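Novice: Coordinates only, no sequence provided:
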């Protein structure tokens, strides 16, 4: 099963596919799907999508070998890994770590497909996605 097919199934349930990841935790491989919606994600929605995809993955596994399958919300502090993640996060605070190891928190004001405009205090920084090591939305507790 490919990503496009997974996306269609997730969208047929009234939510969007945010991202997928393969994680290794406690010597176990985990195939994780992150879903979002404007209304938010609850446990029932995660369970519904898991019930639909699990039997399909039994026939067409997304990974080789043994793995666990999880469906989750990306959380309040979401990883920004794709251009559409940046576009969907305009107006939010973001925490960015550059490949130069410089780190900062600012407001994502604009995104043009390959560069983000982030206001850090009074300075507007133009950052190419190529320069970013990691980025996520940031929530002040």
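Specialist: Now that the structure is in, tell me what you want to look at. Since this is a predicted model, take the numbers as computed values, not measurements.

Novice: How about the contacts made by residue 118?
Specialist: Residue 118 is in contact with 94, 96, 104, 106, 107, 108, 109, 124, 125, 127, counting by CB atoms under 8 Å, 6 or more residues apart in numbering. Every residue, glycine included, has its C-beta placed from N, CA and C.

Novice: Would you mark the buried spots in the longest helix seen in the chain?
Specialist: Longest helix in the chain, counting residues (DSSP state H): helix 43-59. Under the neighbour-count criterion of 16 or more other CB atoms under 10 Å, helix 43-59 has 45, 46, 49, 53, 57 buried.

Novice: Stretch 112-120 now?
Specialist: The neighbour-count check on stretch 112-120 (16+ other CB under 10 Å) flags 115, 116, 117, 118 as buried.

Novice: of these, closest to residue 88?
Specialist: Of all the buried residues of stretch 112-120, residue 116 has the smallest distance to residue 88: 12.5 Å, by CB to CB.

Novice: Give me the distance between the nearest residue to residue 139 once chain neighbours are set aside and residue 86.
Specialist: Closest residue to residue 139 apart from its sequence neighbours, by CB to CB, 6 or more residues apart in numbering: residue 76 at 4.8 Å. Using CB to CB, to the nearest Å, one obtains 17 Å as the distance from residue 76 to residue 86.

Novice: elements contacting the longest helix of the chain?
Specialist: Helices and strands touching helix 43-59, by 3 or more CB pairs under 8 Å, 6 or more residues apart in numbering; DSSP states H and E, are helix 3-12, strand 28-36, strand 68-72.

Novice: how about the contacts of residue 118 in CSV, adding secondary structure, distance to residue 15 and pLDDT?
Specialist: Formatted as CSV, the contacts of residue 118 follow (DSSP: H, G, I helix; E, B strand; the rest coil; distance: CB to CB, whole Å; pLDDT from 0 to 100):
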residue, secondary structure, distance to residue 15, pLDDT
94, strand, 23, 96
96, strand, 27, 96
104, strand, 32, 93
106, strand, 29, 95
107, strand, 27, 95
108, strand, 23, 95
109, strand, 27, 95
124, strand, 34, 93
125, strand, 33, 92
127, strand, 30, 94
